[in-house]
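> take this sequence and fold it.
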Amino acid sequence: MTTGAIIVAAGRGSRAGGGLPKQWRPLAGRPVLAHTLAAFHALPEIDRLILVHHPDDRALAAPFADSRTQLVAGGASRDASVRAALEALAGSDIRRVLIHDGARPLVSPALIRRTIAALDTAAAAAPALPVTDALWRGAAGRVQAPVPRDGLFRAQTPQAFRFAEILAAHRAHPGGAADDVEVALAAGLDVAIVEGEEDNIKLTYPGDFLRAERILEARRLATQTDIRLGNGFDVHAFGPGDHVWLCGVKIPHHHGLVGHSDADVGMHALTDAIYGALAEGDIGRHFPPTDPQWKGAASQIFLAHAAGLARTRGFAIANADVTLLCERPKIGPHSLEMRRELARILEIEMDRVSVKATTTERLGFTGREEGIAALATAALVRG
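Down below sits the predicted model:
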């Protein structure tokens, strides 16, 4: 099901100080919005992004527009800005949409995925954290009365919705909503609560930037403790057939690839790279070609096993790089889909996966179009 994400960044953010609106201010050497957009760009589950900017900030927003990211000018209020983005998606194939504050740059992939998954059973979902501090009502600098905290939550974003329902809800709403959950509730939508994260802070005051810097630095250090590199190589010959499987994508071709499984040479090389980083041998050790149960098996089984083994050892896959060596078929038109599929199987962000191709200048068996070879490198980190 196609999923879009709306990043709302049309406000002025005056409480944060610093002159520039907070979404454009630097955080760890990059604009706040660069961090926010990167979190969504990296996920293969996100098919399309809308960046809602203030009309005066068009020049600042322009560098962020690309094949997946569309710029939309915001309105006079937050809900007007969201409405403009939803209308930009109307008529498209988007069926689910996430709406996220541009000033929440520390949102994690796990939180985004939890929120999307909640739409399987609810029309809307939003992350939140239960209130744990005592609450008071006050006035004129004095405590007036305690406020019961039972059942109270601190709302976060991204807030996720089935697209048709939230578009209709915004079209019917009179305006003035604090967030999109308020709009959804006014329309009678069921909103599920997803567990939020303490680090998913919204930058509001100057001190929030210092806290965010510390969180980013802690994340950086946590990935530098134990680093493993692995290399993989595989080759399969052409044989009868009308397609080849490469990096999880079925590509029409006048030959197939010969192998015990589906002969996905790219996925085999990457699987061996992960096993190599773990000092766990190769595919043949874990899935012997003499075992008939693996005859014709989908290679994603092998790759998922290698990635799962890495996780059980406490490693995260920092990045994966696959190079396919062939004259034909042409890889370029399929590389994005290949990256998306590998990222899905590895359960990592798409910007951590590279797939590219080269020829051997008509030299050797790949140059004679007798087969396809693949090289792969995988980096694993354990904090």
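> count of neighbours near residue 89?
Each residue near residue 89 was counted by other C-beta atoms under 10 Å, and the total is 18. For the C-beta atoms, the positions are set from N, CA and C on the backbone; glycine is no exception.
> could you do residue 135 as well?
As a burial measure, residue 135 scores 11 neighbours (other C-beta under 10 Å).
> just the helices from this protein, written as ranges.
32-41, 58-61, 78-89, 109-118, 163-172, 180-186, 206-222, 265-277, 283-286, 300-312, 335-346, 364-367 (DSSP state H).
> so what's the gap between the fourth one and the chain middle?
Relative to its parent chain, helix 109-118 has a centroid offset of 10 Å by C-alpha atoms, centre = their mean, to the nearest Å.
> could you check the angle helix 32-41 makes with that helix?
Helix 109-118 and helix 32-41 are oriented at 50 degrees to each other (axes from the mean of the first three to the mean of the last three C-alpha atoms, to 10 degrees).
> using CSV, list the CA coordinates for helix 109-118.
Output in CSV follows, covering the C-alpha atoms of helix 109-118 (Å, rounded to 0.1, in the frame of the first residue of the first chain):
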residue,chain,number,x,y,z
PRO,A,109,13.0,4.7,11.8
ALA,A,110,11.5,2.3,14.4
LEU,A,111,8.9,4.9,15.6
ILE,A,112,7.9,5.7,12.0
ARG,A,113,7.4,2.0,11.2
ARG,A,114,5.4,1.4,14.4
THR,A,115,3.1,4.3,13.5
ILE,A,116,2.6,3.0,9.9
ALA,A,117,1.9,-0.6,11.2
ALA,A,118,-0.8,0.7,13.5
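> contacts only, for residue 303.
Taking C-beta atoms under 8 Å, 6 or more residues apart in numbering, we find residue 303 in contact with 267, 270, 271, 274, 342, 345, 346.
> and the nearest residue to the last one once chain neighbours are set aside, how many neighbours?
If the residues on either side of it in the chain are set aside, residue 346 comes closest to residue 307, at 4.8 Å by C-beta to C-beta, 6 or more residues apart in numbering. Other residues within reach of residue 307, judged by other C-beta under 10 Å, total 24.
> OK, contacts around residue 307?
Residue 307 makes contact with 274, 317, 345, 346, 347, according to C-beta under 8 Å, 6+ apart.
> pLDDT wise, what is it at?
For residue 307, the pLDDT comes out at 96.
> ok, now how distant is it from residue 316?
Residue 307 sits at a distance of 10 Å from residue 316 (criterion: C-beta to C-beta, to the nearest Å).
> what of residue 230?
For residue 230, the distance to residue 316 - C-beta to C-beta - is 14 Å.
> between the two, which contacts overlap?
residue 380.
> longest strand anywhere in the protein?
strand 226-239 (DSSP state E).
> who does that strand pair with, and is each partner parallel or antiparallel?
strand 256-257 (antiparallel), strand 371-382 (antiparallel) (DSSP bridges).
> ends of stretch 176-189, how far apart?
One end of stretch 176-189 sits 18 Å from the other (C-alpha to C-alpha, to the nearest Å).
> residues of that stretch that come out buried?
Judged by neighbour count (16 or more other C-beta atoms under 10 Å), stretch 176-189 contains these buried residues: 177, 179, 180, 181, 183, 184, 187, 189.
> any idea how far it is from the chain center?
In terms of C-alpha atoms, centre = their mean, the centre of stretch 176-189 is found 26 Å from the chain centre.
> with that, I have no additional questions.
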